[in-house]
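In: Could you look at this predicted model? Sequence included:
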There are 2 protein chains.
Amino acid sequence: MVTIKDIAARLQVSPSTVGRALADDPRISGATKKKVTEVANEMGYVANLAARMMRGISSNLVGLVLPDIRNGFYSTIAHALSTCLQGAGLQLTLSETEDDRMVELHHIRELISANVAGIIIVPTAKPHRDTVRMLKMSPHVQLIRRHAAIGDQWFGIDDTQAIYEATNHLVQLGHRRIGYVGGIDELPTGAARLQGFHKALPRGAKLGSALVQLGAPGSADFGREAARHLLSLAAPPTAIVAGSVQITQGVLEELMAQGVRAPDDISVVGFGDELGFRWWGPGLTTVGLPVSDLATSCGLWFVHQIKQNSFTSAPYTSISPATLIVRGSTRPFVAASKERAGAPLRGAAA
Amino acid sequence: MVTIKDIAARLQVSPSTVGRALADDPRISGATKKKVTEVANEMGYVANLAARMMRGISSNLVGLVLPDIRNGFYSTIAHALSTCLQGAGLQLTLSETEDDRMVELHHIRELISANVAGIIIVPTAKPHRDTVRMLKMSPHVQLIRRHAAIGDQWFGIDDTQAIYEATNHLVQLGHRRIGYVGGIDELPTGAARLQGFHKALPRGAKLGSALVQLGAPGSADFGREAARHLLSLAAPPTAIVAGSVQITQGVLEELMAQGVRAPDDISVVGFGDELGFRWWGPGLTTVGLPVSDLATSCGLWFVHQIKQNSFTSAPYTSISPATLIVRGSTRPFVAASKERAGAPLRGAAA
DNA sequence: ATGAAAGCGCTAACAG
DNA sequence: CTGTTAGCGCTTTCAT
């Protein structure tokens, strides 16, 4: 391993001169700097981060803590952040919680002890108190989900508006018996989305509690089950709103498996615009989320905070609006269509 | 920040005693150990990783270097590895290269200087020589793509076989004019897949070089362009094989945009089984890749190597086979179908 | 069984 | 402009 000392010896100068030259210290002559950088490159010098960190400088690591990277939603975020941070010389570490608060705690512990420069987190429903405590030891920001105890620095989507748009679209089309399959309302996002759903329903809408199905937002399986349940009702909904990416996936799979066709048999509005949603049946009408932009602004802001070292706990909130993307999976409700009850609902596949 | 010294002062012992007690050194009496650990907990002592690293102990960080995390292929890998490593107390850092060798070099430099415990890499086509040199400074393993200079430790897919299966399926169905859209053959994966394509073609197959389109495997746009080109040929192919996930995406999009319908107008075989591929048209016949299993075994092996500290450069190669998933996008070639030439090829959308 | 002391590589005073 | 020196917190000889 090439150290600053080796370079110094080779150039017959003192280690500090080399150190300063490498740090582009204004007190060092251009000639010396040039020589030093030259030799450094030639010898393949790589600064030892550990030593640097011991001098109090926090590492260049930023922890990204999220439920599951396989979710296109989150991998988009990871990509955007990675790009942002790289520009600032920061490295991203990836920690998956699987929405388990103990796993989350474990990761935060690791990150703090690794002296990370900051943490970007999509918190679980109920973070452990130690998680909250430790987060305060480092600059941090919440993404997508927001938990009051963790702090007031948050970048997210207007969840209520997103599902409102989705639901309202169906209402405008004349649907009244609308099913909603979404994340549990213990999750801030789950609660906000559910609220958007209710807000959009007109007084006339028949809202049996059976039409609202809540479960794990990260589970496509839950989406399938919930869809199956809705379809099996004596009076199944004429339209379904999905409240998370994974749930949308599950719902779509179930509909396809049962041979239920959109928009003829049922109207569907999804959440997020994953690859393939446009390919599903006649094209899925869905809520488009500005995930990439959101993550980018979060990244830029965070880098700024870290660089300025002015990580005051001044609240900062950024809410991005979602936009409805209308494709073929929704259409006006036709009261006359008798075939929308019980067994006949199922298509040829059943 | 509580240090070993603080504890020592509090207990009226020397720092080294505390250090040893914490390290469970056999030379320390049980009583002292007990007291030390007690006080350490009480004071909230957390070992300083930086200082430890300076003593040569490598960090608990493992670098994952890949082209683009948004690719479902790679996010699946990241997830599997993250899970593996977490079990071993290791943290994963994410570095995206965007298939740019200089970016790759930059990342490797960072990782080495961060004293990572190891590096798992999907190398770019032609890694920089410094990248290769630095990789040798740390335990490492190649995933998916394999570059001879980097080493003999590799976990990948049998690319040749994968595309062979895909192509052969079409050949068996009677197709003779088959188009291939794949990654550049400078990439080991690109070359292997192209080889599989050629291997599967019978002597009778008309292979105009125009039928083989090579480009950036990570670019859906390239896939679109290539597909557009193939469709515009005077004698367009009766079937297309796609040679990467992104390319598959692009090809599918273009076919859909032009209103070309599979399997009636053309047969298509994709690469990988992304979410949504099953939803495309009649369901995409595609090559299923055991990505998750592959990454898991890679992770397990790597953890083992790191733990054993026996990172001998003993070659280790693991090749996983791909399996063809037949859905609706392919069907026997029917010679009589006249409408498969020039303008009439395009459907209603054109 | 415990202490003292010497670094690991780097940076930041403090001197020239 | 450059050199000297003194640590950062920990481990690890070498002494007691």
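Out: Looks like it arrived, so ask away. Residues are numbered from 1 along each chain as shown, chains lettered A, B, ... in the order given.
In: Find the nearest non-adjacent residue to the residue of the stretch 51-200 of chain A found nearest DNA strand D, please.
Out: As assessed by CB to the nearest atom of the strand, DNA strand D sits closest to residue A:54 within the stretch 51-200 of chain A, at 3.7 Å. All C-beta spots, glycine's among them, are computed from the backbone N, C-alpha and C. Leaving aside its sequence neighbours, residue A:54 sits nearest to residue B:50 (CB to CB, 6 or more residues apart in numbering or on different chains; 4.8 Å).
In: Would you list the phi and psi of that neighbour?
Out: When quoted as degrees, to the nearest 10, the phi and psi of residue B:50 stand at phi -60, psi -50.
In: That one against residue A:50, yeah?
Out: Yes. Contact criterion CB atoms under 8 Å: residue B:50 and residue A:50 qualify, at 5.0 Å.
In: lowest average confidence, helix or strand, in chain A?
Out: When each helix and strand of chain A is scored by mean pLDDT, DSSP states H and E, helix A:49-54 comes last, with a mean of 86.
In: pretty sure residue A:186 belongs to a strand, no?
Out: No. Secondary structure of residue A:186 (DSSP: H, G, I helix; E, B strand; the rest coil): coil, not part of a strand.
In: Quick check, it in contact with residue A:127.
Out: No. Residue A:186 lies out of contact with residue A:127 (CB under 8 Å); the separation is 11.9 Å.
In: So these two - more neighbours on which side?
Out: Neighbours were counted for residue A:186 and for residue A:127 using other CB atoms under 10 Å in any protein chain shown; residue A:127 has more, 20 against 11.
In: What does the pLDDT read for that one?
Out: As predicted, residue A:127 sits at a pLDDT of 96.
In: Helix or strand: which one has the residue nearest to residue A:165 when sequence neighbours are not counted?
Out: Nearest non-adjacent residue to residue A:165, counting by CB to CB, 6+ apart: residue A:324, 4.6 Å away. Secondary structure assignment for residue A:324, by DSSP states H and E: strand A:323-325.
In: And for residue A:73?
Out: helix A:72-87.
In: Can the helix ranked longest in chain A be said to contact chain B?
Out: For chain A, the longest helix by residue count, based on DSSP state H, is helix A:291-308. No. Helix A:291-308 stays clear of chain B (CB under 8 Å from any CB of the partner chain), getting no nearer than 9.1 Å.
In: Show me what counts as buried in that helix.
Out: Using 16 or more other CB atoms under 10 Å in any protein chain shown as the test for burial, helix A:291-308 gives A:291, A:294-303, A:305-306.
In: picking up where we left off before, find out how far the strand holding residue A:324 is from the centre of the chain, if you would.
Out: Its chain's C-alpha centre and that of strand A:323-325 lie 18 Å apart, by CA atoms, centre = their mean, to the nearest Å.
In: Which elements pack onto it?
Out: The contact analysis (3 or more CB pairs under 8 Å, 6 or more residues apart in numbering or on different chains; DSSP states H and E) places strand A:323-325 against helix A:159-172, strand A:285-288.
In: Partner strands of it and their direction?
Out: Applying DSSP bridges to the sheet, strand A:323-325 is found paired with strand A:285-288 (antiparallel).
In: So what's the model's average confidence on the strand it pairs with?
Out: On average, strand A:285-288 scores 97.
In: contacting residues around that strand?
Out: A:162-163, A:165-166, A:169, A:248, A:267-273, A:277, A:322-330 (CB atoms under 8 Å, 6 or more residues apart in numbering or on different chains).
In: Residue A:147 is in contact with residue A:122, correct?
Out: No. Taking contacts as CB under 8 Å, residue A:122 lies outside contact range of residue A:147: 10.0 Å.
In: hang on, the earlier thing: and the average pLDDT for the longest helix of chain A is what?
Out: 91.
In: can you confirm residue A:62 is in a helix?
Out: No. Counting by three-state DSSP, residue A:62 falls outside a helix, being strand.
In: Quick check: it touching residue A:120?
Out: Yes. Judged on CB under 8 Å, residue A:62 makes contact with residue A:120 at a distance of 6.4 Å.
In: Got the domain ranges for chain A?
Out: Here the domain parsing of chain A from automatic domain parsing is A:4-46, A:61-157+A:291-320, A:159-289+A:325-340.
In: So for DNA strand C, which of those sits nearest?
Out: domain A:4-46 (3.1 Å).
In: Quick check: nearest residue in space to residue A:303, chain neighbours excluded?
Out: Per CB to CB, 6+ apart, closest to residue A:303 is residue A:88, 4.3 Å.
In: Residue A:192 too?
Out: That would be residue A:159: by CB to CB, 6+ apart, it lies 3.7 Å from residue A:192.
In: Okay, buried residues for the helix holding residue A:73 please.
Out: Using 16+ other CB under 10 Å as the burial criterion, the residues of helix A:72-87 that qualify are A:72-86.
In: residues in contact with the nearest residue to residue A:13 once chain neighbours are set aside?
Out: Nearest residue to residue A:13, sequence neighbours excluded (CB to CB, 6+ apart): residue A:32, at 7.2 Å. The contact partners of residue A:32, taken as CB under 8 Å, 6+ apart, are A:13, A:17, A:21.
In: Residue A:218: helix or strand, and which one exactly?
Out: Counting by DSSP H and E, residue A:218 is part of no helix or strand.
In: What distance do you get for it to residue B:241?
Out: 34 Å (CB to CB, to the nearest Å).
In: which one of those two has more residues nearby?
Out: residue B:241 (32 against 21).
In: Identify the spatial nearest neighbour of whichever residue of chain A sits closest to chain B, chain neighbours not counted.
Out: Minimum separation of chain A from chain B (CB to the nearest CB) falls at residue A:276, amounting to 1.4 Å. Once flanking residues are discounted, residue A:276 sits nearest to residue B:276: 1.4 Å by CB to CB, 6+ apart.
In: swap in residue A:155?
Out: residue A:298 (4.0 Å).
In: try residue A:14
Out: Closest to residue A:14 by CB to CB, 6+ apart is residue A:8, at 5.9 Å.
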